[in-house]
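Chemist: heads up, no residue letters with this:
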């Protein structure tokens, strides 16, 4: 029982660190052009991706970690990686429309039109 509590605590710490590393660098509510990323910004997003990997090691089906990890890849113009992660998240989370919307946007960006409208 203590080990599980430690994993939950560790997950929470990782998740909060990853979200903090993305602060102000990803867009969640509007689709306006964002400013160019500095090298420091890129490093912060890469750090968040790494930390979300740790989250997903602990909780492999945590779609929220997948979503925010994909948003970091998206911001870094790593659209294939973002789409792959969002596809997985869509299989887990079937209610939250933001996951599906982001997957569709990435599919459109990659000219995967059939997947965008599925």
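Modeler: Alright, I've got the coordinates. Keep in mind it's a predicted model, so treat the numbers as computed, not measured. Numbering: from 1, shown residues only.

Chemist: which residues sit against stretch 100-111?
Modeler: Counting by CB atoms under 8 Å, 6 or more residues apart in numbering, stretch 100-111 makes contact with 67, 70-71, 74, 79-80, 82-83, 86-87, 89-90, 113, 115-117, all of which sit outside it. No exception for glycine: its C-beta is placed from N, CA and C like everyone else's.

Chemist: redo that, cut-off 10 Å
Modeler: 28, 31, 67, 70-71, 73-74, 77, 79-90, 93-94, 97, 112-118 (CB atoms under 10 Å, 6 or more residues apart in numbering).

Chemist: how far is that stretch from where the chain is centred?
Modeler: For stretch 100-111, the separation from the chain centroid amounts to 14 Å (computed by CA atoms, centre = their mean, to the nearest Å).

Chemist: Could you tell me which residues within it count as buried?
Modeler: For stretch 100-111, the neighbour count (16 or more other CB atoms under 10 Å) marks 100, 102, 103, 104, 105, 106, 107 as buried.

Chemist: All the helices of this protein, residue numbers only.
Modeler: When secondary structure is read from DSSP state H, the chain shows helices at 2-22, 39-58, 63-75, 79-92, 97-109, 113-116.

Chemist: got the contact list for residue 113?
Modeler: 104, 107.

Chemist: ditto for residue 89
Modeler: For residue 89, the contacting residues are 61-70, 96, 98-100, 102-103, taking CB under 10 Å, 6+ apart as the criterion.

Chemist: Residue ranges in the chain under the pLDDT threshold?
Modeler: When residues are selected by pLDDT under 70, those of the chain lie in 1-5, 30-31, 118.

Chemist: hmm, back to that, give me whichever of the helices of the chain is most buried.
Modeler: Among the helices of the chain, judged by mean count of other CB atoms under 10 Å, the one packed with the most neighbours on average is helix 63-75 (a mean of 24).

Chemist: tell me what it is packed against?
Modeler: Helices and strands in packing contact with helix 63-75 are listed as helix 2-22, helix 39-58, helix 79-92, helix 97-109; criterion 3 or more CB pairs under 10 Å, 6 or more residues apart in numbering; DSSP states H and E.
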